[in-house]
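Trainee: Generate coordinates for the sequence data below:
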Amino acid sequence: MERLELGMYFRKLIFMEKSTVSTNRKAYHEFHILETFEAGLELLGSEVKSLREGKASLKESYIIIKKEQAWLVGMHISAYSHTGFSGHEPARKRRLLLHKNEIHKIGQKLAEKGLAAVPLKLYFNKRGWVKVEIGLAKGKKLYDKRDTKKRRDIERDIQRELKRSK
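Mentor: Just a heads-up that it's a prediction; the model follows:
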């Protein structure tokens, strides 16, 4: 009985430590995020084990809606370190687990001109399930990117000066 309780204790510690697996920082630079959703992922066992090691990349990935199902395309999950000859394909399409009304809402928004659905963050929730934060986004113009960078630099300088004055 004690051994089981210790195992559960360490398992909880692992989940608390490794909550975020990967973030898509480029998405915040390239897009204005209008709305966010949380979705589950349909994964293979070796993919989940690889995610626990932190081997995932959301760069250049996006979401499509096909036949009333949402798919995550372009996400790369490296092979699990202790897998044998049969592993998983690193860059395959993965199905997103969303409610039908959420899929319809995202599909309607994607039909609008200039909107895209991009993954923002890949993480484990408190129960240990893999979740993806999806953002409905509108592309930024070059001058918007410059303004954002300028504003960030000004805020950083202000924070620096406030720390010095203390």
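Trainee: Can you tell me who the residue nearest in space to the middle of the chain pairs with across the strands?
Mentor: By Cα atoms, centre = their mean, the chain has its centre lying nearest to Lys121, at 2.3 Å. In this entry, Lys121 is beta-bridged to Thr23, Glu133, by DSSP bridges.
Trainee: That one: what's it in contact with?
Mentor: By Cβ atoms under 8 Å, 6 or more residues apart in numbering, the contact set of Lys121 is Thr20, Ser22, Thr23, Asn24, Leu58, Val132, Glu133. The way it works is simple: take the backbone N, C-alpha and C, and place the C-beta from them, glycine included.
Trainee: Top of the residues you listed by number of neighbours, please.
Mentor: Tallying neighbours with other Cβ atoms under 10 Å puts Val132 at the head of the contacts of Lys121, with 27 neighbours.
Trainee: need the contact list for it.
Mentor: Contact partners of Val132, counting by Cβ under 8 Å, 6+ apart, are Glu38, Ala39, Gly40, Leu41, Leu72, Leu96, Pro119, Lys121, Leu122.
Trainee: measure the fifth one to Lys93 for me?
Mentor: The one in question is Leu72. 7 Å (Cβ to Cβ, to the nearest Å).
Trainee: next one: the last one
Mentor: Relative to Lys93, Leu122 is positioned 15 Å away (criterion: Cβ to Cβ).
Trainee: Ok, the third one next?
Mentor: From Gly40 over to Lys93 the distance is 15 Å, taken as Cβ to Cβ.
Trainee: rewinding a little: turn the contacts of Lys121 into JSON lines, columns for distance to Ser50.
Mentor: Output for the contacts of Lys121, formatted as JSON lines (distance: Cβ to Cβ, whole Å):
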{"residue": "Thr20", "distance to Ser50": "15"}
{"residue": "Ser22", "distance to Ser50": "11"}
{"residue": "Thr23", "distance to Ser50": "17"}
{"residue": "Asn24", "distance to Ser50": "18"}
{"residue": "Leu58", "distance to Ser50": "14"}
{"residue": "Val132", "distance to Ser50": "15"}
{"residue": "Glu133", "distance to Ser50": "19"}
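Trainee: Residue ranges in the protein under the pLDDT threshold?
Mentor: The model of the chain has pLDDT under 70 over residues 1-18, 84-86.
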